[in-house]
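Visitor: Need coordinates for the following:
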Amino acid sequence: MAGLFSLFVVTLAAQLSQAIVLLGDDSVVLTTATSRLSISRSTGDLTSLTHHNQTENYIVPNSVYAFSFRLCSNTSVLASEGCIRYFHANFSQVQVTTTPNCVVWTYTNMTMNYAISVNTTVCSRSQDNKFTFNISVVNIPATMAVGALEYPRYKMLASRNNTLATSDNLVFPDAGLRIYNPGSLTQYHEAFYPGPAAFQFIARYDALSGIYMATEDTAGNAKTFTYSSKAGEFVSQGIVHLLPENHTASTVTLPYLTVLTTFQGDWMDAADIYREWAVRQWWCATPLRHRRDIPSFLTNGSALIVSPIQNATGYNGRFGPNLELLPSFVDAYRQKGGLNHVISVPYGWEHDGVWAGIDYWPPKPSTGAWNSTIAAMKTQGNKVAFLVSGFWFVVRREGSTLGPAFNHTEQMTELLDTLTIGRNGSVMADDDYDIAHAAQPWRGYSVRLCHGANKSQAIMSDIFKQLATLGVSLVSFDQEIGGGQTFPCYSKHHNHGLGYGTWMQQGFHDTVLDIRAATIDQGQEFGMLTERESELSIPILATFWSRQFAQQNWEVKNGFGEPVFNYLYHDYIPTIAAAMVQGQGLGHPDYMLRRAAIADSLCRGLIFGPFDSDIMVETTVGTWQANLSTLFFNLTQAYVPYSEQLAFGKLIRPPQCLNCSIVHTYMYWYPAANPTRLDINTSSVRLGSFQVNDTIAAFAINIMNRATIVSLDLGLYSLPRYLNGNFEVTVQSLTGQLIASLGQTTQVVIELPAVNGLVLLATKLH
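Guide: I've put the predicted structure just below:
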């Protein structure tokens, strides 16, 4: 018997060394050097995905459909929205064929008497240990189109066991969202790409291993990343591929691959897998150090200060009738912060009030005031940045603290040929105007100019060119989240196909390139950005209005903001810590939580960008502003002496703190009418590391009001992996002064000053 068992083990091991094995229990097994994938031969369902020689499986077999597709029609014979979803269960016959590295499932005999068939293909890709997936829908009737595809699909266990649940996390492409213990929650979240989803991977992991899922799309095809969970029952992560509704195509095949693999580690290890692919793509052709189209002030010691200047009657006059007080106000921040530049961001420069486009001209308080003020600020090394509300057109709004009431309904009628149109032929609108509110939301009644309409692009381009002529150095496509149009358009008068398509991103790119041709390409100091990040916009924008500092309940419950985008792309484009208030609940949290966000912003490579009501040059001891401003101005001292690392460095895994104390802090959470206090425990020391060639700078920031002695392990988390040889570690102040030389060591014990930090500089010895 022992001999037979040994023979069975050897035979199975030999089989699993092959890419594909057909087993007798209805399983098709594909393998790579790191992973083993099992799929049902009869249905195409994913039944198991395990790491290397582990047996613990995340996937729940036979719990979800293998694929779905949405069949859309211009007629009324289908659902009210014009589309119906079909699944693998709608096909009565399944045939499986294999090649040396791939398996193809062919589904035929569809219900509804359609001749449609579906092919799904799974391959084992040995060069990078990934499984690739693709899907085709064949014989589509001439009056119909496939509007969306879901493939592959799978559900996962709520947790593999109670012990592993404490290390269970899911990282999501929406603003670096990390969801802790997702299987303990019932919730749903989605992110559109390109848009709120800044990159194309999603991963779930625990202390044992994880599942990595990504798309390898270089053209900006529309898709939605999804996460859902039901407490104690399941966790699901998926991708809905959104397609142009081309009613002449009889066959639709996804123009890119979806990949799955397993890994061990955390979100940074998952991001390493993605970065290995991403840095070979066109958006990473030029590292930040070699870009000449980005204004130099963004990379040599800058901060932004946001200043509201509107009220219900218009310009509030806080900087004098003609803004004559603004230059000295801004320069005081520069001087106290030890910075080379401060960029003023006035909220309410728009003619109609804060976040009110597209009628921006003349700016408040006047064109002449801004001309002279911007010129005066530039002589001090300071700049101005304006936020334009992207392709949003606020048609009418009641008066509020954001500005006076206005109504541009007549203008909207004149611009109907530029607007985004829904499937039913009506204008896509966000209507908060007629809803009863104690105070009307800032959106009022808003519509969207369509990215794919030439006239829309021209309108936006003219706005930006006017601001460049005014002397504004940075202009944001605010609310244009990630530069993607998340709303499909069905206008037959625009130069794009129906529904979704790459035109949504291409229209934005074309607009930016037209603006660049008249400004940056002519040698003008000018840069553009969007609200939130997008990998596809890296080569054409100067920076991003980012929120990679969020602390707690960010987007969803148990949501933590991680610097995933900067971990991927910090050495390709700068990012700004926008306002620094998100992910901290309702209103002001405990000041220690805001301090954590400020310190994280530096440690994650963000340029500071707070409100001037939070950070003040002159404060009273013990106030909210004093508690924040002390840390802020201590940390800004680092941006000039360490501009090389903070601007151009690759963000890498930080040191591990072996004994950092926990700060007990809090924020306020929903319901908004009666917020409840949510207690939070967070680390007193914030850490971040940047690599530039053979040097690593590790920042350690103490947010407490007392000094603390900490032990940091550099070896396990940084140095051997990146420097690979002899190195020397020195301790420096945030102002660049040498404090101590520690020699070659991977574990250090240092005393961090109160509300301040130090830099550990590790340099390779040649």
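
Visitor: What are the boundaries of the helices in the protein?
Guide: 2-16, 162-165, 267-278, 326-337, 367-379, 409-414, 454-470, 503-518, 564-569, 591-603, 624-635, 643-648, 719-723 (DSSP state H).

Visitor: residues making contact with the third one?
Guide: Contacts to helix 267-278, defined as C-beta atoms under 8 Å, 6 or more residues apart in numbering, come from residues 128, 169, 171, 178, 199-201, 203, 205, 210, 212, 214, 216, 261, 263, 284, 535, 562, 564, 567-569, 653. Placement of C-beta: from N, CA and C, glycine included.

Visitor: Of the helices of the chain, which is nearest Val388?
Guide: With C-beta to C-beta as the criterion, Val388 lies closest to helix 454-470 of the helices of the chain, at 5.9 Å.

Visitor: Just give me how far that closest one sits from the chain centre.
Guide: Mean-position distance between helix 454-470 and its chain equals 26 Å (C-alpha atoms, centre = their mean, to the nearest Å).

Visitor: Just the buried ones out of the contacts of helix 267-278, please.
Guide: 169, 171, 178, 199-201, 203, 205, 210, 212, 214, 216, 261, 263, 284, 535, 562, 564, 567-569, 653 (16 or more other C-beta atoms under 10 Å).

Visitor: which residues does Pro675 contact?
Guide: Contacts of Pro675 by C-beta under 8 Å, 6+ apart are Gly585, Leu586, Gly587, Tyr668, Trp669.

Visitor: Now go through those residues and say which are in strands.
Guide: Tyr668, Trp669 (DSSP state E).

Visitor: Tell me the one among the contacts of Pro675 nearest to Tyr86.
Guide: Trp669 (40.9 Å).

Visitor: Next, name the residue at the spatial heart of this protein.
Guide: Ala175 (3.3 Å; C-alpha atoms, centre = their mean).

Visitor: Give me the nearest residue to that one, chain neighbours excluded.
Guide: The shortest distance from Ala175 to any residue other than its chain neighbours is 5.6 Å, reached at Arg547 (C-beta to C-beta, 6 or more residues apart in numbering).

Visitor: My guess is that neighbour contacts Pro563. True?
Guide: No: applying C-beta atoms under 8 Å as the test, Arg547 and Pro563 come out as separate, 10.4 Å apart.

Visitor: What does the pLDDT read for Pro655?
Guide: pLDDT for Pro655: 91.

Visitor: Wait, Phe632 touches Ala597, no?
Guide: No: counting by C-beta under 8 Å, Phe632 stays clear of Ala597, with 10.8 Å between them.

Visitor: Any stretches of the stretch 201-350 of the chain with poor pLDDT?
Guide: Applying pLDDT under 70 to the stretch 201-350 of the chain picks out no residues at all.

Visitor: again, only this time at 80
Guide: Low-confidence segments of the stretch 201-350 of the chain (pLDDT under 80): 246-247.

Visitor: check contacts around Thr43.
Guide: Asn62, Ala66, His88, Val94.

Visitor: what's the spacing between the residue nearest to the second one when sequence neighbours are not counted and Phe560?
Guide: The shortest distance from Ala66 to any non-neighbouring residue, by C-beta to C-beta, 6+ apart, is to Gly44 (3.8 Å). The gap separating Gly44 from Phe560 is 35 Å, by C-beta to C-beta, to the nearest Å.

Visitor: quick one: which of the two has more around it?
Guide: Gly44 (27 against 20; other C-beta atoms under 10 Å).

Visitor: I'd like to know how far that one sits from Gly82.
Guide: 27 Å.

Visitor: same check, this time on Leu467
Guide: Taking C-beta to C-beta, one finds Leu467 at 41 Å from Gly82.

Visitor: which of the two has more neighbours?
Guide: Legend: neighbour count by other C-beta under 10 Å for Leu467 and Gly82, higher for Leu467 (25 against 21).

Visitor: what bridges to the residue nearest to the more buried one when sequence neighbours are not counted?
Guide: Closest residue in space to Leu467, ignoring its immediate chain neighbours: Val475 at 5.1 Å, by C-beta to C-beta, 6+ apart. Beta-bridge pairing for Val475 (DSSP bridges): Phe386, Met528.
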